[in-house]
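Colleague: from the sequence below, what's the structure:
(one chain, ligands or ions: 1)
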Amino acid sequence: MHGSQLRVAYQGVPGAYSEAAAGKAYPNCEAIPCDQFEVAFQAVELWIADRAVLPVENSLGGSIHRNYDLLLRHRLHIVGEVQLPVHHCLLALPGTRMEYLSRVISHPQALAQCEHTLTKLCPQAAREAVDDTAGAAEYIAANNLRDTAAIASARAAELYGLQVLADGIQDDSSNVTRFVMLAREPIIPRTDRPFKTSIVFAHDKGTSVLFKVLSAFAFRNISLTKIESRPHRNRPIRLVDDANVGTAKHFEYMFYIDFEASLAEVRAQNALAEVQEFTSFLRVLGSYPMDMTPWCPSRGDQ
Ligand SMILES: O=C(O)C(=O)C[C@]1(C(=O)O)C=C[C@@H](O)C=C1
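Modeller: Predicted coordinates for the structure are as follows:
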């Protein structure tokens, strides 16, 4: 996991949680800021970066759907995961008073993770979404905004000369974001440590196969850690005609599953062979070491 030679793309500007995740995944790497998630994917595809580190889910805010969609649209491989405790601060220009705030800006996930605390701290302030947390802090400093606060990390406060009005404002102290590391080539799966495998699949007959797919894992005692569905972009609706009642419109989905096994294990290979029988589309997004680092909920990495 040593990263001193690696260029790692992340979405946001310096001080973003994604930058911290890149540093956790690849210590001493060269972190490369990107405007959008898609740009981080492209940076790896075009050899500008060696890896991308992207958030996929948060323990309070839920899945980051954009990245699920992009995983499918691009051909990069998941080669690892890191879970980062996210400790949010409310930042403003020095001298700003909480009661005079008219606006709080941040990444939509950060706003969602602090929703209840914000209502208690500054109910009068409107919430506005921007591209990333540290970018929100930078924007306040660059435009000398005296009525606006940002939700971002303590490091962003230092970088952009802001004051911490409130510390630890996430609605739950055990606020964790899971990031995946992406590369042009997959890693070779092993069995000497806990591995996770991520797949995506679809079926012509929609949700009716889901139970069969899940049973392929259940029969082999393979635990699932995550299941997510997203609209099937190529065929979002399936019409089902019933002469008696008319035409029903069924929504079609792509299903994403993470399971706790390495693709080097025979039981995982057998499960996937069975899944393939039930599905019209199946792709392995990656088989990679699980992040097993212990963490302390009350302290953030930020
Ligand atoms: O805006 C940032 O700082 C990010 O790194 C993005 C992001 C996210 O997309 O979830 C990462 C971690 C936190 O959950 C909040 C925001």
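Colleague: surely residue 175 and residue 84 touch.
Modeller: No: Residue 175 is not in contact with residue 84 according to Cβ atoms under 8 Å; the separation is 9.6 Å. Yep, even glycine has a C-beta here, placed from its N, CA and C like the rest.
Colleague: flag every residue of the protein that's near the ligand.
Modeller: Where the chain comes near the ligand, counting by Cβ under 6 Å from any ligand atom, the residues are 12, 16-18, 55, 58, 64, 86, 107, 109-110, 132-134, 177.
Colleague: excluding sequence neighbours, find me the nearest residue to residue 265.
Modeller: Nearest-residue entry for residue 265: residue 191, 6.1 Å, with adjacent residues in sequence omitted and distances by Cβ to Cβ, 6 or more residues apart in numbering.
Colleague: filter the residues of the chain next to the ligand down to the buried ones.
Modeller: By neighbour count, with 16 or more other Cβ atoms under 10 Å, these hold 12, 16-18, 55, 58, 64, 86, 107, 109-110, 132-134, 177 as buried.
Colleague: hmm, back to that, how many neighbours does the residue nearest to residue 265 have?
Modeller: Residue 191 has 13 neighbouring residues, counting by other Cβ atoms under 10 Å.
Colleague: in which helix or strand would I find residue 171?
Modeller: Residue 171 is part of no helix or strand when elements are defined by DSSP states H and E.
Colleague: quick check: it touching residue 119?
Modeller: No: using Cβ under 8 Å, residue 171 is not in contact with residue 119; the gap is 9.9 Å.
Colleague: in what element of secondary structure is the residue of the chain most remote from its centre found?
Modeller: The outermost residue of the chain relative to its centre, with distances by Cα atoms, centre = their mean, is residue 244 at 44.8 Å. Residue 244 is located outside every helix and strand, with elements delineated by DSSP H and E.
Colleague: ranges for the helices of this structure?
Modeller: Ranges of helices in the chain, per DSSP state H, are 17-25, 37-45, 65-73, 108-113, 115-121, 133-143, 154-160, 210-218, 266-278.
Colleague: what's the closest of the ones you listed to residue 293?
Modeller: Taking Cβ to Cβ as the measure, the helices of the chain were each checked against residue 293, and helix 17-25 came out nearest at 8.4 Å.
Colleague: dump the residue contacts of residue 61.
Modeller: Remark: with contacts taken as Cβ atoms under 8 Å, 6 or more residues apart in numbering, residue 61 is in contact with 108, 109, 112, 113.
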